[in-house]
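Asks: how would this look folded up:
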Amino acid sequence: MNLVRRELKAHVIVCGYGRSGSATVAELLERGHAPDTIVVVDENPDKLRLAEELGIATVEGDATHNKVLSIARVETAKTVIVCPGRDDTAVLIVLTCRRIAPHAGVAVSIAAIENELLARDAGATIIVNPVSFGGQLLAQCTAGPHIADYVADLVTRGGKVELRERAIRPEEVGRSPRQIVGGQVLRIYRNDRAIGFWEADAQVLEAGDSLIEVVQAGA
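Replies: Model prediction:
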């Protein structure tokens, strides 16, 4: 077993190493995350061995338990990705994460639309529904033959472009989104409010803003 280092911090914890979890880890590695900055938690030792072959630290156990997540150093983690394959288990893991790591980002995969609200109430910051997302993407294809291709380009590392979220730089305060060099600003977050680049409030960037932009992959 690849043990979790006591001094580990700002790492990513992946709870569940089934199809979604293993795909998530593969994408993290493709995006440049070092194996020693990822921890996988799962109850199946056979699945954990697959993660260990990639040089990733693992914790065998039930991620709904405080002790298991503490071994994974959840208190110092940057992000927890929850994908155990069951919505009820996912919500319980989110609750456990929030209890002992209130400041970590928590992303969760939820299969049933009616359970998304439960995950939100449990404290998830990001909720991904693979089924509804896939349906939305397929429906969007009716608007043009290249839209799905571009969306796939955005969300996978192998594409020509990628999405990036970052804090505004001091020298960008007072500028408009069109004056930002290096990327195309799509959305601004100001005091947790989403602002489209076309809206009047977006025309002058303010200190404390966060930007979502499209940039060249690898830039």
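Asks: which SS class is the spatially most central residue of the chain?
Replies: Geometric centre of the chain, nearest residue: Ala107, 5.5 Å, by Cα atoms, centre = their mean. Recorded secondary structure, Ala107: strand (DSSP: H, G, I helix; E, B strand; the rest coil).
Asks: Which strand residues bridge it?
Replies: In this entry, Ala107 is beta-bridged to Ile81, Ile126, by DSSP bridges.
Asks: Surely it is in contact with Ile126?
Replies: Yes: in this structure, Ala107 is within contact of Ile126 by Cβ atoms under 8 Å, at 3.9 Å. The C-beta positions use only the backbone N, C-alpha and C, and glycine is treated the same way.
Asks: just to revisit the earlier point, show the contacting residues for the residue nearest to the centre of the chain.
Replies: By Cβ atoms under 8 Å, 6 or more residues apart in numbering, the contact list for Ala107 reads 79-82, 124-128.
Asks: hmm, try it at 10 Å
Replies: 12, 14, 24, 79-83, 94, 119, 124-128 (Cβ atoms under 10 Å, 6 or more residues apart in numbering).
Asks: With Val106 instead?
Replies: So Val106 contacts 13, 15, 74, 77, 79-82, 93-95, 97-98, 119, 122-127 (Cβ under 10 Å, 6+ apart).
Asks: Please list only the buried members of the residues you listed.
Replies: 13, 15, 74, 77, 79-82, 93-95, 97-98, 119, 122-124, 127 (16 or more other Cβ atoms under 10 Å).
Asks: Take stretch 143-156, keep the C-alpha atoms, and write them as PDB.
Replies: Output of stretch 143-156 as PDB, limited to C-alpha atoms (Å, rounded to 0.1, in the frame of the first residue of the first chain):
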ATOM      1  CA  ALA A 143     -27.800  23.300 -32.900                       C
ATOM      2  CA  GLY A 144     -24.700  22.500 -35.000                       C
ATOM      3  CA  PRO A 145     -22.500  19.500 -35.900                       C
ATOM      4  CA  HIS A 146     -19.300  20.900 -34.200                       C
ATOM      5  CA  ILE A 147     -20.700  21.900 -30.800                       C
ATOM      6  CA  ALA A 148     -20.100  18.600 -29.100                       C
ATOM      7  CA  ASP A 149     -16.600  18.400 -30.500                       C
ATOM      8  CA  TYR A 150     -15.800  21.800 -29.100                       C
ATOM      9  CA  VAL A 151     -17.300  21.000 -25.600                       C
ATOM     10  CA  ALA A 152     -15.200  17.800 -25.500                       C
ATOM     11  CA  ASP A 153     -12.200  19.900 -26.500                       C
ATOM     12  CA  LEU A 154     -12.900  22.200 -23.500                       C
ATOM     13  CA  VAL A 155     -13.300  19.500 -20.800                       C
ATOM     14  CA  THR A 156     -10.500  17.100 -21.800                       C
END
